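Visitor: Build me a model from this:
(one chain, ligands or ions: 2)
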Amino acid sequence: MEKVLFVGAGSMAEAIIAGIVEQDVLPGKQIYVMNRSDANRLCDLESRYGITKVCEDRSFMEEIDLVVLATKPKDIQQVMADIHPFLADSTAILSVIAGTSIDTFEQGLGKRPIARSMPNTSATIGKSASGIAFNDEVSIEMKQSILSLLGAIGIVKVVEEDDLHVVTALSGSGPAYIYYLVEALEEAAVARGLEAHDARELIVQTLEGAAAMLKTTGEEPSTLRTNVTSPGGTTAAGLRALEDRQFKSVIADCINSAEARSRELGALT
Ligand SMILES: NC(=O)C1=CN([C@@H]2O[C@H](COP(=O)(O)OP(=O)(O)OC[C@H]3O[C@@H](n4cnc5c(N)ncnc54)[C@H](O)[C@@H]3O)[C@@H](O)[C@H]2O)C=CC1
Ligand SMILES: O=C(O)[C@@H]1CCC=N1
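Guide: Numbers count the residues shown, from 1 in each chain. Ligands and ions are numbered 1, 2, ... in the order given. A predicted model of the protein is given here:
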């Protein structure tokens, strides 16, 4: 894969571009980026990542190997109408758009190789947790190229297309839940008298340590939780407060609501 065009230059596109450039998967100049408006945004990306910015000219498009669609779902019909006439038949599509189905892309862009994925913003530092599904037009070689592109920005799981809705709810939106947890922990700690700076460092290290324990020990989270929980101790008291407030049911509501919204967004496009 030599030339990749990003349509949409928002936070997700930047996270992936940053990951690709940082991991040296493609030189910046082979990454073309177009946006609806905001020329300053394209200049900014050009100066930071060395990408090639695209304005009115569409003649370069027939040389593009892969188009990454990174607009909001509501803009996709307009995007497809804009780019379809200029794409070569062999150009593949990689969507990162929440909800929108492969079927919708096939209707708007014709039967061609299409991958629908769901990365997350930790792509910026090569730590995305992405899901992906392919249509039947994607060759083995193209699949490998796309998987290595996404692999450069983190881990990738190939899933059934329908499961991308729950992947979106879990790991696409997931970083926001973790940041919200950090906010809540910090507010509680500050309310109990800790300096915000100290609280933040303690929380982030606790998250990092817990994630590393899960990865390196291979233990079940419930076992690791039990190891922390002394009978009659502080952790048991804290966990009891979470259970009293139906913590697991709140989290299930969170995932179910996000999944339902992904399906809704898909139906709207
Ligand atoms: N932000 C996140 O954490 C994640 C977002 N996504 C998906 O990525 C997509 C983009 O999300 P964000 O980057 O957060 O949104 P964003 O609003 O930051 O970026 C969207 C960009 O698309 C551009 N755009 C709109 N219409 C266009 C058109 N016709 N032609 C060219 N460019 C156009 C806008 O100018 C904007 O820069 C969404 O579909 C979202 O579901 C997926 C995974 C994670
Ligand atoms: O909130 C959203 O709709 C997008 C999809 C996953 C993360 N951000």
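
Visitor: can you give me the helices in the chain?
Guide: 11-22, 39-49, 76-83, 102-109, 140-151, 164-167, 174-191, 196-217, 221-228, 234-244, 247-268 (DSSP state H).

Visitor: Mean neighbour count, these: which tops it?
Guide: helix 164-167 (a mean of 24; mean count of other C-beta atoms under 10 Å). In this view, the C-beta of every residue, glycine as well, is placed from N, C-alpha and C.

Visitor: same for that helix, what does it pack against?
Guide: If contacts are counted by 3 or more C-beta pairs under 8 Å, 6 or more residues apart in numbering; DSSP states H and E, helix 164-167 sits against strand 114-118, strand 128-134, helix 247-268.

Visitor: average pLDDT across that helix?
Guide: For helix 164-167, the mean pLDDT works out to 98.

Visitor: for that helix, the distance to its chain's centre please.
Guide: 11 Å (C-alpha atoms, centre = their mean, to the nearest Å).

Visitor: Give me every residue in this protein lying close to ligand 2.
Guide: Within the chain, the positions near ligand 2 by C-beta under 6 Å from any ligand atom are 98, 168, 172-173.

Visitor: ok, which pair from the residues you listed is furthest apart?
Guide: A98 and S173 (8.5 Å; C-beta to C-beta).

Visitor: re earlier: as JSON lines, the residues of the chain next to ligand 2 with neighbour count and distance to T52 would be great.
Guide: Shown next, in JSON lines, are these (neighbours: other C-beta atoms under 10 Å; distance: C-beta to C-beta, whole Å):
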{"residue": "A98", "neighbour count": "22", "distance to T52": "27"}
{"residue": "T168", "neighbour count": "24", "distance to T52": "30"}
{"residue": "G172", "neighbour count": "26", "distance to T52": "28"}
{"residue": "S173", "neighbour count": "20", "distance to T52": "31"}
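
Visitor: Just name the closest of the residues you listed to S257, please.
Guide: S173 (9.8 Å).

Visitor: Need the nearest residue in space to that closest one, chain neighbours excluded.
Guide: A258 (5.0 Å; C-beta to C-beta, 6 or more residues apart in numbering).

Visitor: so S122 touches P175, yeah?
Guide: Yes - S122 lies in contact with P175 (C-beta atoms under 8 Å); the separation is 6.0 Å.

Visitor: confidence score at whatever residue of the chain ends up closest to ligand 2?
Guide: In the chain, the residue that lies nearest ligand 2 is G172 (3.4 Å; C-beta to the nearest ligand atom). If you check G172, the pLDDT there is 98.

Visitor: so who does whichever residue of the chain sits closest to ligand 1 touch?
Guide: Nearest residue of the chain to ligand 1 (C-beta to the nearest ligand atom) works out as G10 at 1.8 Å. Neighbour list for G10: 70-72 [criterion: C-beta atoms under 8 Å, 6 or more residues apart in numbering].

Visitor: ok, for A236, nearest residue in space, not its chain neighbours?
Guide: T229 (5.3 Å).
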